[in-house]
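> The following comprises the amino acid sequence and a computationally predicted model.
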Amino acid sequence: MNVDEEELPPASTEKKHHAKAISTRKKKNKKDKQLAAKKEEEKKEETVESEEVKQVEIKVETKEEEKKPSESEKVQKVIEEKKEEKKVEAQEEEDDDLDDWEKCLDDESKFDKAVKVEEKFKDEDKPEEVMEEVKPIVQPVKKKEKIVEEKKEEFIPISETVAGIERSQHGYRCPILCILGHVDTGKTKLLDKIRKTKVQEGEEGGITQQIGATFFPPSKLQENLDKMKGQIDVKMKVPGMLIIDTPGHESFSNLRSRGSNLCDFAILVVDIMHGLENQTLESIMLLRKKRTPFIVALNKVDRLYGWKAINDGPMQTSLHKNKKSKDEFEKLASRTILQFAEQGLNAELYWKNNDPRSTISLVPTSAITGEGIPDLLTLILEYSQTRISKTIEEKSTFLCTVLEVKVIEGLGTTIDVILVSGEMKVGDRIVVNGFGGPIVTTIRALLTPQPLKEMRVKGEYIHHKTVRGALGVKLTGPGLEETLAGSQLYVVKSEAEVEERVDELKSDVAQIISRYVDPKSEGVCVQSSTLGSLEALLEFLHNAKIPVTAIGIGPLHKSDVLKACKSVGKEAKEEFATILVFDVKITPEAKSFAEDSGVTIFFAKIIYHLFDMFTNHVKQCVEKRKKEKSKVAIFPSVFSMVQGAVMHSKDPIIMGVEVQEGILKVGTPVAIPSKDNLRIGKVESIEVNHKPIIAVRNKDGAVAVKISGESSIMIGRHFDYPTQFCSIITRDSIEACKAYFRDELTQDDWKLMIKLKKIFGIVQLLSF
């Protein structure tokens, strides 16, 4: 039945063209069939034997060509088809008869059927006749759809790209977790077991010294959920999980604090063999302060006596098998529960925990065998989707924090950020805090590691045009060298917003810089691979009251050595002519210049080794000056003669004495206060029972002293029993005692020092 043109439904020009192509293709096929029929008649005239052989050969060749067509044949076929199509189209343009393609448009089922046929044979050998009919309809539409999909890819959130799945249909973002605990409890090892990586083995000294993040895709989480079916059944609603790994060494409290600030939920790793340790307690304090819910991984159960592992299995199954180890396990678990109780926290093994909201769940795990990891991940997902479900709901509000700053070869200075919510694009203007003030720059590249790869480990990165939280992202751009880790990052749209954010950040920078760095001071210089480790070094120096004059991130150059030269040649600041270099390259030029300039460079790849090296250096410098100043420093003392104990009455005077106050040392100049501070000489030696000693206090009793230096002074002429003597102190001796011998003097000694100051008329120096 023909349909008038007015009655036709509206159709695109493109669809009409497709239908038109179908009609032309049918005519061509009809002609081809006629030619094929003529060829068949000619073949029949040949002998029966040759005809059978040829038919067999044709069939074999046809099958082989259909199954494995060569590349040249494919190209030739496409060229011929295009030429034929152009001829047909040219002829059809002259033909005004539209009945054929109008019928095609009228029958929508033909178009749908063509698409289905094409889909059915897309992975199989395609019948030529079928595909010839399908191509004109399907290919142009497919091409159009592909363009639309490519445009959409530019705006796909990063969490979808990394995870390889669509965004959560339940409206959740990835929960952000932080893994905390004491050094060497197995934090990174646990993550390695899940990721199937060896990050921990590649770290210097086997300890984590940087903060990092890993994205765990839904497929990896689902593997562990499947292992727990029948024990804990959880349906996954989140599009993955982001875990921040923090160092456990005491030096990195700044990084643990930063990680706990960012996370929605935390994993506290406890060594079952050792229980709660120093940094475990510090981590608990941080989590309680931030009111962050957490779960405990009771790690290293594989170290229990007689333990037989069931690799990567649920923990209850392993415990049921290891009956010999069960008693030791319960004993150690009970001890850990008691230690939590001492901190005011309720804790229980997770399968016995009936109230997870008020009682902490303990999950026994092994980072070596993988046991308990399914339990741990399943519980985390369950808690995330129930206890903190409102927290992990997707929000449009932009929230991003700088995690770490580092220099990477080939990329320059990069910043690792945790994008909690919102969206960032390449080309966006951002404002972030820096040591020299707020930094305004443009995003040059947005990079993420491969799924299940650690952000802090250099590897192949995925480049993105747009990213959406929650995700760990490596960001590059000009002027990021002095970015402050831990600061907020803002995306700004207008100049007014830039000014607002800059003013907001200025006050924060001043406080941070003034706390650690004083460019005008004569202090040490610090060079580090990351800002996180730099902060740890600065905190160590701040607590030790060592001034810092300059800091830097990346390789040490000659220009960095020049900054340390201001402390060279100054006796009181000898230990400050030093550069502490952590885990970065030292250029040969810088090393040579430092040796010529008298600047000491300390280098280490493990941060506490650097602490020890510098601490020993400071001690050596102080001891050297202390030895030199011991001649100047006079300790306060008051002593008197022992009746009848005069061995020699004139220079050198040898007599018995008893100390009433303070400390009498060899080298102390002595005077008689009652005789207008008459000087009688200097203590040359002190003996007890014919054995020489260096110093004596009241508790040591009577001693013999030898005093010389004043030849005119005699016992009996200038003084006699019961004369009282005291140390002769000066302003320089007091300052020397304060600077180098403060720890050797008691509070009573300092009180005596004040009395002697009055006796000798020493005036307090005033500073203007």
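Okay, I see it. Residues are numbered from 1 along each chain as shown.

> buried sites along stretch 583-601?
583-584, 586, 590, 593-594, 599-601 (16 or more other CB atoms under 10 Å). Using the backbone N, CA and C atoms, a C-beta is placed for each residue, glycine as well.

> what does stretch 709-726 give?
Buried residues in stretch 709-726 (16+ other CB under 10 Å): 709-710, 713, 715, 719, 723, 725-726.

> Next step: those restricted to strands.
Among these, the ones falling in strands (DSSP state E) are 709, 725-726.

> And those residues, which is closest to Lys506?
Distances from Lys506 to those, taken as CB to CB, are shortest for Cys726 (57.3 Å).

> nearest spatial neighbour of the closest one, skipping sequence neighbours?
Val638 (4.9 Å; CB to CB, 6 or more residues apart in numbering).

> Could you check how many residues crowd around Ser334?
11 (other CB atoms under 10 Å).

> Tell me where the model's unsure across the stretch 1-150 of the chain.
Counting by pLDDT under 70, the stretch 1-150 of the chain shows low-confidence ranges at 1-34, 37-150.

> give the contact list for the residue nearest to Cys726.
659-662, 724-727, 752 (CB atoms under 8 Å, 6 or more residues apart in numbering).

> Surely it is within a helix?
No - counting by DSSP: H, G, I helix; E, B strand; the rest coil, Val638 falls outside a helix, being strand.

> what separates it from Val657, distance-wise?
Look at Val638 and Val657: by CB to CB, to the nearest Å, they are 11 Å apart.

> got any residues that touch both of those two?
With CB under 8 Å, 6+ apart, Val638 and Val657 have common neighbours Phe725.

> so what's the residue nearest to Leu403 when sequence neighbours are not counted bridging to?
The shortest distance from Leu403 to any non-neighbouring residue, by CB to CB, 6+ apart, is to Asp416 (4.4 Å). On the basis of DSSP bridges, Asp416 is bridged to Glu404, Lys474.

> What about Asp416, how many residues nearby?
Using other CB under 10 Å: Asp416 sits among 24 other residues.

> if we can go back for a sec, out of the ones in strands among the buried residues of stretch 709-726, the closest to Ser389 would be?
Cys726 (77.1 Å).

> what sits opposite that closest one in the beta ladder?
Val638, Ala671.

> ditto for Gly681
Val670, Gly709.

> Show me the shaky parts of the stretch 451-600 of the chain.
454, 456-459, 507-514, 530-532, 567-573.

> For it, just list every one of the strands.
Using DSSP state E, counting those that start in this stretch, the strands of the stretch 451-600 of the chain run over residues 461-464, 466-468, 471-476, 489-492, 524-528, 548-553, 578-582, 600-604.

> hey, which of those strands is tucked in deepest?
strand 524-528 (a mean of 27; mean count of other CB atoms under 10 Å).

> quick one, it and strand 600-604 angle?
With axes from the mean of the first three to the mean of the last three CA atoms, to 10 degrees applied, the angle from strand 524-528 to strand 600-604 works out at 30 degrees.

> same for strand 524-528, what does it pack against?
helix 531-543, strand 548-553, helix 558-564, strand 578-582 (3 or more CB pairs under 8 Å, 6 or more residues apart in numbering; DSSP states H and E).

> try it again with 6 Å
strand 548-553, strand 578-582 (3 or more CB pairs under 6 Å, 6 or more residues apart in numbering; DSSP states H and E).

> got CSV for the buried residues of stretch 583-601, with distance to Leu447 too?
Output for the buried residues of stretch 583-601, formatted as CSV (distance: CB to CB, whole Å):
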residue, distance to Leu447
Asp583, 21
Val584, 21
Ile586, 28
Ala590, 30
Phe593, 35
Ala594, 35
Val599, 37
Thr600, 38
Ile601, 33
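
> Pick out whichever of those residues sits closest to Thr476.
Closest to Thr476, out of all of those and judged by CB to CB, is Val584, at 18.8 Å.

> wait, what's in contact with that closest one?
527, 529, 555 (CB atoms under 6 Å, 6 or more residues apart in numbering).

> backbone phi and psi for the residue nearest to the last one when sequence neighbours are not counted, please?
Which is Pro555. In space, and not counting its chain neighbours, Pro555 is closest to Lys585: 4.4 Å by CB to CB, 6+ apart. The phi and psi values for Lys585, taken as degrees, to the nearest 10, are phi -80, psi 150.

> mind checking how far Lys585 is from Leu345?
45 Å.

> And Glu710, by the same measure?
For Glu710 relative to Leu345 (CB to CB), the value is 71 Å.

> And for Thr441?
Counting by CB to CB, the gap from Thr441 to Leu345 is 44 Å.

> Between those two, which has more neighbouring residues?
Neighbour tally, Thr441 and Leu345, criterion other CB under 10 Å: the higher count belongs to Thr441, 18 against 15.

> Return the set of residues that bridge with Val646.
Here Val646, judged by DSSP bridges, has bridge partners Met655.

> Hmm, it is touching Gly656, no?
No - with contacts counted by CB atoms under 6 Å, Val646 stays clear of Gly656, the gap being 7.7 Å.

> Gly656 is in contact with Ala645, isn't it?
Yes - under the criterion of CB under 6 Å, Gly656 makes contact with Ala645 at 2.8 Å.

> What are the buried residues along stretch 516-526?
Buried residues in stretch 516-526 (16+ other CB under 10 Å): 516-517, 522-526.

> which one of these sits closest to Pro652?
Glu522 (44.8 Å).

> re earlier: would you turn the contacts of Val638 into CSV with pLDDT and distance to His609?
Listed next are the contacts of Val638 as CSV, based on pLDDT from 0 to 100; distance: CB to CB, whole Å:
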residue, pLDDT, distance to His609
Val659, 92, 45
Gln660, 91, 49
Glu661, 92, 45
Gly662, 92, 41
Gln724, 90, 54
Phe725, 92, 51
Cys726, 93, 48
Ser727, 93, 43
Leu752, 91, 43
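
> What is the nearest of those residues to Gly761?
Nearest to Gly761 among those, with distances taken as CB to CB, is Cys726, at 13.7 Å.

> Can you tell me how far the closest one is from Gly681?
Taking CB to CB, one finds Cys726 at 13 Å from Gly681.

> Which parts of the stretch 301-450 of the chain are helices?
In the stretch 301-450 of the chain, the helices defined using DSSP state H, counting those that start in this stretch lie at 315-321, 323-342, 373-386.

> Of those helices, flag the one that's most buried.
helix 373-386 (a mean of 22).

> OK, contacts around the closest residue to Leu489 other than its chain neighbours?
Distances taken as CB to CB, 6+ apart put Cys400 closest to Leu489, at 4.3 Å, once the chain neighbours are dropped. Cys400 makes contact with 417, 419, 489, according to CB under 6 Å, 6+ apart.

> partner residues bridging Cys400?
Assigned bridge partners for Cys400, using DSSP bridges, are Leu419.

> Find me the pLDDT at it, would you?
In the predicted model, Cys400 carries a pLDDT score of 87.

> likewise Ser334?
Taking Ser334 on its own, its pLDDT is 94.

> Can you give me the separation between it and Leu447?
47 Å.
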